[in-house]
Structures are given as C-alpha cells and as structure tokens.
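Student: Structure here, sequence nowhere to be found:
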DNA sequence: ATAGGGTTAG
C-alpha cells in the first residue's frame, strides 16, 4: 500500500490548513502522518519529532487518536517517560486507547506500566478485550501467575471469556501448570464455553498438553488425540505437533507426521530440520534440507539458521561453508539484509572452525547485532586463544549476560590466565550477578592451575550454597582442583558424591590418582569404568599411560598401550607415543625408547623429543639428551621448557659451566616467558633460576620479590592458604644460605600452594647440598599440612611422618 | 484494540 503523503513534509499541506475550521481534516492528516512514522522500520524519530513540534507550534491541540499514535511511537522507541507524560495529558482516555497502550507497553516489556493503566481503568468501562490484552501482556512477560489470577478476577466480575481469552490463558497456564490435571480442567472449561472450535484455542491447548505431559508415560498422547479431532488445522497446528514430538525425542513420530501431510508446509519442514539438528542427526537434517530444495519449497531464514548452526555444532564446517556459498549464489537475499539469526549462525560457524577473521568480517558487516552475535564472536576469539581481542570485545559489549561472563572466565582459564579468571569472577559478583555453574567451573579450574586450594575450597562452599551441587561441569572442575592442590581424598569424595557423572568425571578422577602415585588405583578405576559400559576415548588412554608412567608400572603400561588399538580401536597418536616413551624412559629403558622413536609411523615432533630429553635428564644420559634437545631447538627454538630441562640435566650432573651456557643461549636467542603467565608461574621460574645458580648474588632480591607477590596476592583478594608469612630475610643467618633459604622459599610457596613444582625442587636442591636435616624438617612440615609429595619414581611418597627415601637421598 | 509457535551462543 502506497502512502499518498510526501515523506519529508512535517506540516499539513496548504489545502488542508486553508480550512482551519475543519479540525477533523487536520487531525486525520497528523494521524496518517504519524501512522507512517510508525510503520517505518526503524521508526523515523526525526520525522516524528518534527511532526510533533509542528503540532505544538501550530496551536493544534492533539487529542484522541493522535495522542494515541504519538504515545504508540514513543512506546515503540522505548521513550516510556515521554509516553507516560503524553498519557497523563489525555483528559479521559477511552477503553480503546487504554487497550492499545496496555498491549504496547506489554510488548515492550514494561508490564508494570501496562498494569498501572489497567488498574486505573474504572470497572465501568472495562471490557473483555482489555482483559484479554492484559492477560496476554502478563503471559508474554512470563508472568503466568498474574495472568491466571486476572482470569479468575474477570470471571468474578461477570465478564464472559471468549476464544481469545482462552488462547491467551492457555498459553499463560503453560508457564505455571505442574500436571495434567490442570490441563484437563482447563480443557473442560474450553469445551463448556464452546470455544473449542477455534483453531488458535486448540493450538494453545495442544502445546499446553505437550508441555505438561512431559512427565507422563505417553507425553504426546492427549495432544495427538486433540490434533486428530481437529476439523481445521493451520500451519501452527502442524508445527506444534512436530516440535512436541521433537522435544520428547520422538523424532520418528514427528517425521511420520511430516510425511503424512498433504501440502508441503515450509514451517513444518523447518521444525523437523531444527529437531534433527537439536538431536545431532545432521545427516538427516541435511537430507531433508536437500529434499526441500528439490521439492521447490521456499527456504527461509529459519531453514538456513538451523542448518548452518547444526553444521557449526557438529563440526561439518565444509558443508556449512557450502550452504553459505549456496545462499550467496542463489541470491536469496543480499548479504547485507540477512536476518540476524542467520548472521549469528554464520559468525558461530566461522568462529568454531577457527576462521575467526572471517567471522569478524561478517560480524562487522552486520547492521543489527544482539547479545548472541557478541557472544559468538567472543567465544570465537577465546577458542583460538586470542585473549587480547576477546578482552576488547568483552569491554566493548553493550550488555553482558551470564553466558558472556562464563565464556570470558573459562576463556581466561583455558588460556592460562588463571588470575584474570578469578578477578573477573569476583567482578561479576560485585556487579550483583549470580554466576552460573559453568562460571563456577571456570573459576575452580583457575584455582587448580594456580594451586590456590583455600580459594578453591571457598568456591566449593559457595557452589553448594548456590544449589549447584549436582552440576557436572562444576563437579569435574572440583575433582581436578583438589587433585592439583594435592588433596586427592577430597577429589575422591567429590567424585563419589556426584549424582551424575560422565566420561570427563572418570577421566578427572583417574588423573587425580595417577598424579599422586596411585597408579594401581587408577587402573582399578579404569576397569570399573569399563564395567559401567563407559567407552574409553583417546584422553582416557593418555591418562592411563601417564598413571602407569608415574607409578613405574611398565608392564601394565605396555599392556594398555597395545590394547588401545587392538581392542578399543583407538589408533595411538603422537601424544600417546610420547607418554609411552616417557614410561619407558622413567623405567630406565632409554635405548628401547630411542629405538621406538626411529620406528614411529610419523615424523617425531616436540612431545616425543621432550619425553626423551626428560628421560635422559633423569638417568643422566648426556649424549642422547643433547641430541633430543637439538631436535627440540630446531622444532621450537623459543620454547623455554627445553632450556630448563637441559639446564636441569646439567645441574644433576654437576656441570655448572654447561648450565651457564644454556642460560647464555636463552639470553642470546631472546627466549622469554610466554605473555600472560601468572605471577605464580613467574615465581616458580624465579625459583628454578635460584636453585640452578647456587651462588646467585640476588637471593635477597628474590625474597623481596616474593614478599611483593604476597602483598599483591592479598590485594587481589586471595586468601593465603596457610598462616605462614615470609619473614624478614635480612635478619637471617647467612651460613648455609641455600638450604635455609630454600626452606623459607618453600614455606613461601606453601603459602601460594604449589606442592608439585616448588616443593619438589626444594627437595632436589637440598639433596644436592646434602642437607638431609633440613630436608626432613621440611618433609615433616609437609606432612603436617597434609601435602603429599609425589611422583612415581623420583619423588617419593611421604606419609604419617614416615619417609621412604630410597635412592633419592 | 486483544490470540496460538519456532531459530542463535558454552
């Protein structure tokens, strides 16, 4: 429909103004003009304002439907305050304008003001329509309770509910109904009032049955009966049934319904495709998609959104990109006019397949963005590890939902920024948001990587308080956290008390046992897992091999290494071989490991050489160790771990000059710590440096640094794990500086909780110095504080004050 | 003047 009025003018034409007396004509002109403003998308604010200004300056007193139009426009543009101001100017708003306002405000989400207007409408002018509008208003704002309450109120005052009332009421009841009883009762009411011949009422009733029947034996039974009885069905009836079946996982019944349809309704196909996508049957979804193309059914934004997002979530990136190309080629719509969800799905697709730049390109080209778009691009950056870009996206976001925080928190954690993760978690709560269980999982994992036990414990307590104690992700994170902080018993308690567990939980618990030298227990758990019919995956075998390696279980390790291919059909990849070589090396079978490397089915990469180098370090095999280090330098010259391993190898052999050479090499090649490592890690590295260079003159500086770290830690809100605090080192005796300082340092680290890295190095250092006395003192302290020193071969297990020194000392 | 349903992010 063409609008005869020119768009630019804001005052009525002279022909109308000529007859000043004809107020009606002027009013009609303004109303039509405002109607035009209203139908523009987006609403033309500048034109509205100039028309409004014109109304005021011309001395024309707006009332009735002009005021309504104006209010309508200001409502739609979310200028509620001004709409309210105009509303108060209406001398006696009639029921029609009130009803308009009620539904407009409700649609805008301002149901409170809608209720205000409704409440102050005198009972004498209320009618069924206004009640209907208000019930719908509540229902659209997820307030089923008040909708139902209003319904009984209107019956109390003697209003006769009509078909539209029941349509709204049924939809509202779906929000609050608990059982089928309520459905049946309402159904009777509908039949009694004779509204059961209206398609919209029956549609609403069907979806109510679908929602309430979920717990019953045949959830779709009543809905199907009703559907079959219907004389007339429209698009929505079919949609409701199909999505109902989909929700119950009865995809075959849904498909039967679709195939039995006489006319091919596009919405029904869309519902079916989205059902397949939701349940991960991508091949079926794509088959149906192809069928739609062949049958000549029009494909719309919903079709494309489902298909593309399905491709994204099931890893079919190539097909997803093909669909994207297909849309562009067929000229379905110019790319600039793609609907928001389609663009969102595309951003997700390119984010997930790692092409985050392409995702960004689409994101930037979008005229309209919502929180989903922002979250999609954010998780795109997070998953490829571009934390800086993720950070800038995070701070540029117009609104941050729970998911946003969660993505950013676990993004920090996954990329090694544990501190930032905890800081963000705190900030989230300071802003008054209640973190979801995934956010807790992220923060708890951050504690695991930082070794912050006490902080982790507090989060555990808060997690329970928030009612997330049955959360899978949080439970799995807790197992990892307790294990990494040395409290394997606590990890076990979590594992045993979790109401639901998945393969990740099994893996986490096996890791926990393996880390603490309980190799046999880990293998027992593995068997238990098999008995529970959980299929082991590649990760499981990585864990099993590591557990065997750390407990010196060579035979068992070999057995499982062979079984994984022959019985479980998992071909060992580079990581598995690396663990296996590690196992051989730790058991002293260096030449065997070296032989295996030469027979590998692929070109050995960094993990393989690193395992060999570490083995050579343990057993003092200098020649092979240097060879392995050379290979590593070629593969990754900037990786600091290689230098540290090599230096440690020399340290064990007492070759100080060579250690110095390694350090020189690092300096020459500009090897630095990767950016973003936590201060805890820095401290650890400082410690390594100190231990490696026993005559380092800067011992004091290191202590000052550690003290600063402690202050920083408190500022960040960490709770120190013990009451130990670093004392003034200056006042300490200087004799035997190394061992004393090492112990102090360890106490310092104990405060930061880093049993594995730091304490083990202290022990090693004390061994080099031959200071057994301090070592024993130190060990007893560890036992006192329930820290178990572990590692299969080299670091032994100390418990109850006893210490099995073996060849270590 | 008022009605029924569906898509996207971990």
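Tutor: Ah, there it is. In this text the structure is predicted, and so the values were computed from the model without any measurement.

Student: can you give me the helices in the stretch 101-250 of chain A?
Tutor: Assigned by DSSP state H, counting those that start in this stretch, the stretch 101-250 of chain A shows helices spanning A:111-119, A:128-140, A:144-156, A:163-176, A:180-193, A:199-212, A:221-229, A:235-247.

Student: Kindly apply the preceding question to the stretch 251-400 of chain A instead.
Tutor: Using DSSP H, counting those that start in this stretch, the helices found in the stretch 251-400 of chain A span residues A:251-259, A:266-278, A:282-295, A:301-313, A:317-330, A:340-352, A:356-365, A:371-383, A:387-396.

Student: among the ones you listed, which is nearest residue A:112?
Tutor: helix A:371-383 (23.1 Å; Cβ to Cβ). Quick note: C-beta positions are derived from backbone N, CA and C, even for glycine.

Student: what does that closest one rub up against?
Tutor: Contact with helix A:371-383 is made by A:340-341, A:343-344, A:347-348, A:350-352, A:354, A:356, A:359-360, A:363, A:366, A:387, A:389-390, A:393-394, A:397-399, A:401, A:403-404, A:407-408, A:410-411, A:414-415, as judged by Cβ atoms under 8 Å, 6 or more residues apart in numbering.

Student: List the buried residues of it.
Tutor: Within helix A:371-383, the residues that qualify as buried are A:372-383, counting by 16 or more other Cβ atoms under 10 Å.

Student: Of those, which are in range of DNA strand B?
Tutor: Among the buried residues of helix A:371-383, proximity to DNA strand B is found for A:372, A:375-376, A:379 (Cβ under 7 Å from any atom of the strand).

Student: Quick check, residue A:550 in contact with residue A:513.
Tutor: No: using Cβ atoms under 8 Å, residue A:550 makes no contact with residue A:513, being 9.8 Å away.

Student: tell me, what's touching those two both at once?
Tutor: residue A:519.

Student: which phi and psi does residue A:498 have?
Tutor: The phi/psi pair for residue A:498 (degrees, to the nearest 10) reads phi -70, psi 130.

Student: since we're on residue A:495, how many residues are nearby?
Tutor: Residue A:495 sits with 23 neighbouring residues when counted by other Cβ atoms under 10 Å.

Student: Repeat that for residue A:508.
Tutor: 24.

Student: residues contacting residue A:466?
Tutor: By Cβ under 8 Å, 6+ apart, the contact list for residue A:466 reads A:434-435, A:440.

Student: which residues touch residue A:277?
Tutor: A:285, A:306-307, A:309-310, A:313.

Student: Flag every residue of the stretch 401-550 of chain A that's near DNA strand B.
Tutor: A:401-403, A:406-407, A:410, A:436, A:438.

Student: Next up, the contacts around residue A:580.
Tutor: Listed by Cβ under 8 Å, 6+ apart, the contact partners of residue A:580 are A:545, A:557, A:561, A:572, A:596.

Student: run the last query once more with 7 Å
Tutor: A:545, A:557, A:561 (Cβ atoms under 7 Å, 6 or more residues apart in numbering).

Student: quick one, phi/psi of the second one?
Tutor: As for residue A:557, its main-chain torsions (degrees, to the nearest 10) stand at phi -60, psi -50.

Student: And what about the nearest residue to it once chain neighbours are set aside, helix, strand or coil?
Tutor: The shortest distance from residue A:557 to any non-neighbouring residue, by Cβ to Cβ, 6 or more residues apart in numbering, is to residue A:548 (3.4 Å). With DSSP: H, G, I helix; E, B strand; the rest coil as the basis, the three-state label of residue A:548 is helix.

Student: For residue A:548, grab the count of nearby residues.
Tutor: 30.

Student: before we move on, what about the one 3 residues further on?
Tutor: Other residues near residue A:551 number 26, with proximity taken as other Cβ under 10 Å.

Student: cool, residue A:499 as well?
Tutor: 9.

Student: how close does the residue nearest to residue A:281 when sequence neighbours are not counted sit to DNA strand B?
Tutor: Distances taken as Cβ to Cβ, 6+ apart place residue A:251 nearest to residue A:281, at 7.0 Å, with adjacent residues excluded. As judged by Cβ to the nearest atom of the strand, to the nearest Å, residue A:251 and DNA strand B stand 14 Å apart.

Student: excluding its backbone neighbours, what's nearest the closest residue to DNA strand B within the stretch 151-300 of chain A?
Tutor: Residue nearest to DNA strand B within the stretch 151-300 of chain A: residue A:200 (3.3 Å; Cβ to the nearest atom of the strand). Leaving aside its sequence neighbours, residue A:200 sits nearest to residue A:167 (Cβ to Cβ, 6+ apart; 4.5 Å).

Student: go on, residue A:242?
Tutor: Of all residues not flanking residue A:242 in the chain, residue A:271 sits nearest, at 4.3 Å (Cβ to Cβ, 6+ apart).

Student: That neighbour touches residue A:244, doesn't it?
Tutor: No: using Cβ atoms under 7 Å, residue A:271 is not in contact with residue A:244; the gap is 9.6 Å.

Student: Also near DNA strand B: which of the contacts of residue A:277, exactly?
Tutor: Near DNA strand B, by the rule Cβ under 7 Å from any atom of the strand, you find A:306, A:309, A:313 out of the contacts of residue A:277.

Student: Provide a list of residues in contact with the last one.
Tutor: By Cβ under 7 Å, 6+ apart, the contact list for residue A:313 is empty.

Student: can I get the ones next to DNA strand B among the buried residues of helix A:371-383 in CSV with distance to residue A:662 and pLDDT?
Tutor: Output for these, formatted as CSV (distance: Cβ to Cβ, whole Å; pLDDT from 0 to 100):
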residue, distance to residue A:662, pLDDT
A:372, 50, 91
A:375, 45, 93
A:376, 45, 93
A:379, 40, 92
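
Student: Make TSV out of those residues and add distance to residue A:179.
Tutor: Shown next, in TSV, are these (distance: Cβ to Cβ, whole Å):
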residue	distance to residue A:179
A:372	34
A:375	36
A:376	38
A:379	39
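
Student: Check what pLDDT the spatially closest residue to residue A:128 that is not a sequence neighbour gets.
Tutor: Closest residue to residue A:128 apart from its sequence neighbours, by Cβ to Cβ, 6+ apart: residue A:159 at 5.4 Å. pLDDT, residue A:159: 95.

Student: Please apply the same query to the one 3 residues further on.
Tutor: On the pLDDT scale, residue A:162 is placed at 92.

Student: Just confirm it contacts residue A:128, I think it does.
Tutor: Yes: using Cβ under 7 Å, residue A:162 is in contact with residue A:128, at 5.9 Å.

Student: For residue A:408, give me its contacts.
Tutor: Residue A:408 sits next to A:378, A:390, A:394, A:424 when contact means Cβ under 7 Å, 6+ apart.

Student: before we move on, which element is the last one in?
Tutor: Read it as residue A:424. helix A:418-430 (DSSP states H and E).

Student: helices or strands up against the helix or strand following that helix?
Tutor: Per DSSP H and E, the first helix or strand lying C-terminal to helix A:418-430 is helix A:437-450. Applying 3 or more Cβ pairs under 7 Å, 6 or more residues apart in numbering; DSSP states H and E, one finds that helix A:437-450 makes contact with helix A:402-414, helix A:418-430, helix A:453-465, helix A:472-484.

Student: ok, residue A:430 - how many residues close by?
Tutor: 8.

Student: Read off the pLDDT value for the nearest residue to residue A:498 once chain neighbours are set aside.
Tutor: Leaving aside its chain neighbours, residue A:498 sits nearest to residue A:475 (4.4 Å; criterion: Cβ to Cβ, 6+ apart). What the model reports as pLDDT for residue A:475 is 94.

Student: Please apply the same query to residue A:59.
Tutor: For residue A:59, the model assigns a pLDDT of 63.

Student: what do you get for the one 10 residues further on?
Tutor: Note for residue A:69: predicted pLDDT of 70.

Student: One more: residue A:775?
Tutor: pLDDT, residue A:775: 49.
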